[in-house]
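Engineer: Turn this into a structure:
(one chain, ligands or ions: 1)
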Amino acid sequence: MALVTSKALLQRARQDGYAVGAFNANNLEMIQAIIEAAEDEQSPVIVQISEGAIRYGGLTYLAEVVRAGAGEASVPVVLHLDHGSGFETNVRALQAGFTSLMFDGSAKPWEENVATTTLIARAAHACGIPVEAELGQVLQSRDQVTAKQVSSHMTDPDMAGRFLELTGCDTLAIAVGSVHAMQSQEAELDQERIRACAAAVSVPLVLHGSSGVTEESIRQAIAGGIAKVNVGTYLTAGFCEALRTASAARPQEHDMRKLLGPARDEVRARVREKIRLFGSSGKAQAVPAGEFAGPDFAAVE
Ligand SMILES: [Zn+2]
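Structural biologist: Next comes the predicted model:
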């Protein structure tokens, strides 16, 4: 089917108490692995492309590969921009046919985050495309953050309610104890804060940095209102590990497919595992095709 927007998918997920996985992709093999895993699990799926991925693989190139994968899939596939840093990046993604955007103004002052999120939401909504914003800040593990820093950057539920009213964004990423790019699964989320944010805003909530969070904490977070869970590090780590193993086993190998194939298989297995954890297996038909909002970009071309 053609690419769909994330709006109806995530609203349904929040309503029914599961989450849709948003998986970061950098290349052909990862895009294939993510969509094939969703097909295996009969789950909706979000393929997300970061600015780093765009610098590596090219905006149009990656968008077209995801579009081709969605076209061959029977499950709903969303093409999402992960951590768009400004208005221009988001507009370029809109032009490239992304069906879901994100502006991350979490490191910016409140007024600037509100103003830019509002501007991007207005542009995106004119094209029928939803926008994720971030309030509070999910920090980076490379900055060697302390527990105190993590907790001081968490989302204030009252401010979240105000932010939604002012900006009109469609989903909100909240900082509730996770950190980006953690290599081990040890973080526990602030479940009380998640429930308070869910009570303050009616839109689906988004969890970033899930690779470092315990499984039980993720299950509870989804029950508390998280409807989109981002997964990046766990997948790239799996890809690299499998690639290293295959390379070590075949030091003379000249056929790259013999090395990249096992890496793709590993990512596919890891995506399936996360889809099951998030509870979205078998939810591919949860939103009837006619209820997907937004223009049909495939038809426009
Ligand atoms: Zn993130």
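
Engineer: And the strands in the stretch 1-150 of the chain, which stretches?
Structural biologist: Counting by DSSP state E, counting those that start in this stretch, residue ranges of the strands within the stretch 1-150 of the chain are 20-24, 45-50, 77-82, 101-103, 131-135.

Engineer: let me redo that: the stretch 151-300 of the chain
Structural biologist: Under DSSP E, counting those that start in this stretch, the stretch 151-300 of the chain gives strands at 171-174, 205-207, 226-231.

Engineer: looking at these, which is closest to Ala237?
Structural biologist: Nearest to Ala237 among the strands of the stretch 151-300 of the chain is strand 226-231 (10.7 Å), distances taken as Cβ to Cβ. Quick note: C-beta positions are derived from backbone N, CA and C, even for glycine.

Engineer: Show me the strands paired with the closest one, marking each as parallel or antiparallel.
Structural biologist: Note on strand 226-231: by DSSP bridges, its sheet partners are strand 20-24 (parallel), strand 205-207 (parallel).

Engineer: Dump the longest one to CSV, keeping only the CA atoms.
Structural biologist: These are the backbone C-alpha positions of strand 20-24, laid out as CSV (Å, rounded to 0.1, in the frame of the first residue of the first chain):
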residue,chain,number,x,y,z
VAL,A,20,3.9,1.5,17.2
GLY,A,21,7.6,1.0,16.8
ALA,A,22,9.6,3.7,15.0
PHE,A,23,12.8,2.2,13.8
ASN,A,24,15.8,4.2,12.5
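
Engineer: Now find how far off-centre that strand is within its chain.
Structural biologist: 4 Å (Cα atoms, centre = their mean, to the nearest Å).

Engineer: what comes into contact with that strand?
Structural biologist: 6, 9-10, 13, 30, 34, 43-50, 53, 78, 80, 82, 206, 227-232, 235-236, 271, 274-275, 278, 280, 283 (Cβ atoms under 8 Å, 6 or more residues apart in numbering).
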